[in-house]
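A.B. asks: Predicted coordinates and the sequence they were generated for:
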Amino acid sequence: AACKLDNTIIVFTSDNGYFQGEHRKPIGKYWPYEPSIRVPLVIRGPGISVNTAKNQLVTNVDLVSTILDYTGAVPGRTQDGKSLKPILSGSTPSWRNGFFFQGIDTVKDGSCGEACPRFNAIRTSRYVYVEHATGEKELYDLAIDPYQLISKHNNTTYSSVKDFLASKLATLKTCVGSGCWYTDADPLPSITDTISPTTSIAAPTSGATVSGSSIAVNANASDNVGVVGVRFKLDGANLGAEDTSAPYSIIWNSTTATNGSHTLTVAARDIAGNTGVSESVSVTVSNAGIYTKFNIGDRVQTTATLNV
């Protein structure tokens, strides 16, 4: 063996996504929608947290800065991205909330090359705003429309959102270096709404006894203007990340909780920022032991580790 693995960073990614029928596009990549702009990114190497998933908004310009950081190389140009090394090492640095992207506009195969008209767009944690070469615009609220089916560009409720994103896009189109670092919070639509979402826990039922590492906790949530996300709580503390799309559920590893009575609740928030909390569900955690069976010839040997 060459013994190089402990001194090697391996990066798996792609240059673009690809359509397979979404948005009535049988093939291709030239549209400003999630199936095209999202790509996989898997990185392993020394000092990198294992078996973890990160939710920061990352682009391919960050890969250049990351490789430079790990290798100690000095760039010859100003970098628009930032190194992922702190995130990969387990830190939680301040990070971007949006980025600029562009692509070939209104063509089927890109045969016009550099002469092709291009769309310019901004993708934030919540929105996608697009300006086409034709003058047409698109605006999607991913919190309530993750598949980008209904554009809000002509919806007066989103007028201030569209104006805000258009101003940011104008800056990002010509940005360099730190000027490309977008950290603004997403603006809220101009919705006059004070009605909180209604939500409830569907499973487990109150009074249930649970054990094991794969307990499905399911919730129902509804709202007059749209549910943005649902967060599960155990004894008042957050239980995993917020679920932003129905059906709302989470897998709970009950072995991380002490044996005895616990309370599950759900908090749902809507597009206007109102929050509704479910009635509590009481469950009893009972993880008396972890049993493992080993097949040894024709015999079965059982071992148990008891919680004391």
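C.D. replies: That came through fine.
A.B. asks: Validate this expectation: residue 63 resides in a helix.
C.D. replies: Yes - counting by DSSP: H, G, I helix; E, B strand; the rest coil, residue 63 falls inside a helix.
A.B. asks: From the structure, what's the count of residues near it?
C.D. replies: Residues lying near residue 63 (other CB atoms under 10 Å) number 17. C-beta coordinates here come from the backbone N, C-alpha and C atoms, glycine included.
A.B. asks: what do you get for residue 114?
C.D. replies: Neighbour count for residue 114, taken as other CB under 10 Å: 6.
A.B. asks: Per-residue pLDDT of it, please?
C.D. replies: Per-residue confidence at residue 114 stands at 71 (pLDDT).
A.B. asks: Look at it and tell me its secondary structure.
C.D. replies: Assignment for residue 114 (three-state DSSP): helix.
A.B. asks: Equivalent analysis for the one 5 residues further on, please.
C.D. replies: Under three-state DSSP, the three-state class of residue 119 is strand.
A.B. asks: got it, and the one 3 residues further on?
C.D. replies: Using three-state DSSP as the criterion, the local structure at residue 122 reads strand.
A.B. asks: Let me see the contact set for it.
C.D. replies: Shown in contact with residue 122 (CB atoms under 8 Å, 6 or more residues apart in numbering): 98-101, 128-129, 165, 168-169, 172, 182.
A.B. asks: same thing but 6 Å
C.D. replies: Residue 122 makes contacts with 98, 100, 129, 165, 168-169, as judged by CB atoms under 6 Å, 6 or more residues apart in numbering.
A.B. asks: quick one: which of those residues sit in helices?
C.D. replies: The members of the contacts of residue 122 that map onto helices under DSSP state H are 165, 168-169.
A.B. asks: Secondary structure class of the residue minimising distance to the centre of the chain, three-state.
C.D. replies: With distances taken as CA atoms, centre = their mean, the residue of the chain nearest its centroid is residue 55 (4.8 Å). The local conformation at residue 55, judged by three-state DSSP, is coil.
A.B. asks: Check the gap between it and residue 241 for me.
C.D. replies: As judged by CB to CB, to the nearest Å, residue 55 and residue 241 stand 7 Å apart.
A.B. asks: Look up which residues are beta-bridged to residue 249.
C.D. replies: As for beta bridges, residue 249 partners with residue 218 under DSSP bridges.
A.B. asks: Next one: it, what pLDDT does it get?
C.D. replies: pLDDT at residue 249 comes out at 93.
A.B. asks: Residue 289 now?
C.D. replies: Taking residue 289 on its own, its pLDDT is 63.
A.B. asks: Can you add distance to residue 255 and pLDDT and give the contacts of residue 122 back as CSV?
C.D. replies: Below are these laid out as CSV (distance: CB to CB, whole Å; pLDDT from 0 to 100):
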residue, distance to residue 255, pLDDT
98, 38, 95
100, 44, 95
129, 44, 98
165, 44, 97
168, 45, 96
169, 47, 97
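A.B. asks: Closest to residue 80 out of the residues you listed?
C.D. replies: residue 100 (9.1 Å; CB to CB).
A.B. asks: and the gap between the closest residue to that closest one other than its chain neighbours and residue 210?
C.D. replies: Excluding the flanking residues, the one nearest residue 100 by CB to CB, 6 or more residues apart in numbering is residue 172, at 3.8 Å. Distance of residue 172 to residue 210, given as CB to CB: 48 Å.
A.B. asks: quick one, strands of the stretch 101-250 of the chain?
C.D. replies: 118-124, 127-131, 137-141, 198-203, 209-210, 215-222, 227-234, 237-238, 248-252 (DSSP state E, counting those that start in this stretch).
A.B. asks: thinking again about what came up before, just the buried ones from the ones in helices among the contacts of residue 122?
C.D. replies: Among the ones in helices among the contacts of residue 122, those classed as buried by 16 or more other CB atoms under 10 Å are 165, 168-169.
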